[in-house]
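Asks: Fold the following.
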Amino acid sequence: DVLEGIGSRELMRLVSSMPSGFRTVFNMYVLEGFSHNEIALKLGISEGSSRSQLSRARQWLQEKLTNKNY
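Replies: Next comes the predicted model:
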């Protein structure tokens, strides 16, 4: 429901404006299909950090879309 009415360009613009830690993990997990284990190894972080960053990225994106704050 949150994504209804937003185009792919606008969505990608929002993703591009995410804080860098959020954006990196979000892109690797959602767009590139890496697992949290693979992300952790590539970025030198723990799997927990990868999961946390993804969760925060999703929350950030949902807040922006829900409040139409973009």
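
Asks: which residues does Pro19 contact?
Replies: Pro19 makes contact with Trp60, according to C-beta atoms under 8 Å, 6 or more residues apart in numbering. Quick note: C-beta positions are derived from backbone N, CA and C, even for glycine.

Asks: Check the one 4 residues further on too.
Replies: The contact partners of Arg23, taken as C-beta under 8 Å, 6+ apart, are 15-16, 57.

Asks: gap between it and Leu11?
Replies: As judged by C-beta to C-beta, to the nearest Å, Arg23 and Leu11 stand 13 Å apart.

Asks: would you list every one of the helices in this protein?
Replies: Secondary structure of the chain (DSSP state H): helices at 8-16, 20-26, 36-43, 47-66.

Asks: show me the residues around the residue positioned nearest the centre of the chain that make contact.
Replies: In the chain, the residue lying closest to the centroid (C-alpha atoms, centre = their mean) is Phe26, at 3.1 Å. Contact analysis of Phe26 by C-beta under 8 Å, 6+ apart lists 15, 18, 53-54, 57-58, 61.

Asks: try 10 Å
Replies: By C-beta atoms under 10 Å, 6 or more residues apart in numbering, Phe26 lies in contact with 15, 18, 32, 53-54, 56-58, 60-61.

Asks: any low-confidence regions in this protein?
Replies: Across the chain, the ranges flagged by pLDDT under 70 are 1-5, 69-70.

Asks: just to revisit the earlier point, out of the helices of the chain, which is the most enclosed?
Replies: Of those, the one with the most neighbours on average (mean count of other C-beta atoms under 10 Å) is helix 20-26, at a mean of 17.

Asks: For that helix, output the C-alpha coordinates as PDB.
Replies: Extracted in PDB, the C-alpha atoms of helix 20-26 (Å, rounded to 0.1, in the frame of the first residue of the first chain):
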ATOM      1  CA  SER A  20      25.100   5.500   3.400                       C
ATOM      2  CA  GLY A  21      25.200   2.600   5.900                       C
ATOM      3  CA  PHE A  22      21.500   1.900   5.300                       C
ATOM      4  CA  ARG A  23      21.800   2.300   1.500                       C
ATOM      5  CA  THR A  24      24.800   0.000   1.200                       C
ATOM      6  CA  VAL A  25      23.200  -2.900   3.000                       C
ATOM      7  CA  PHE A  26      19.700  -2.200   1.500                       C
END
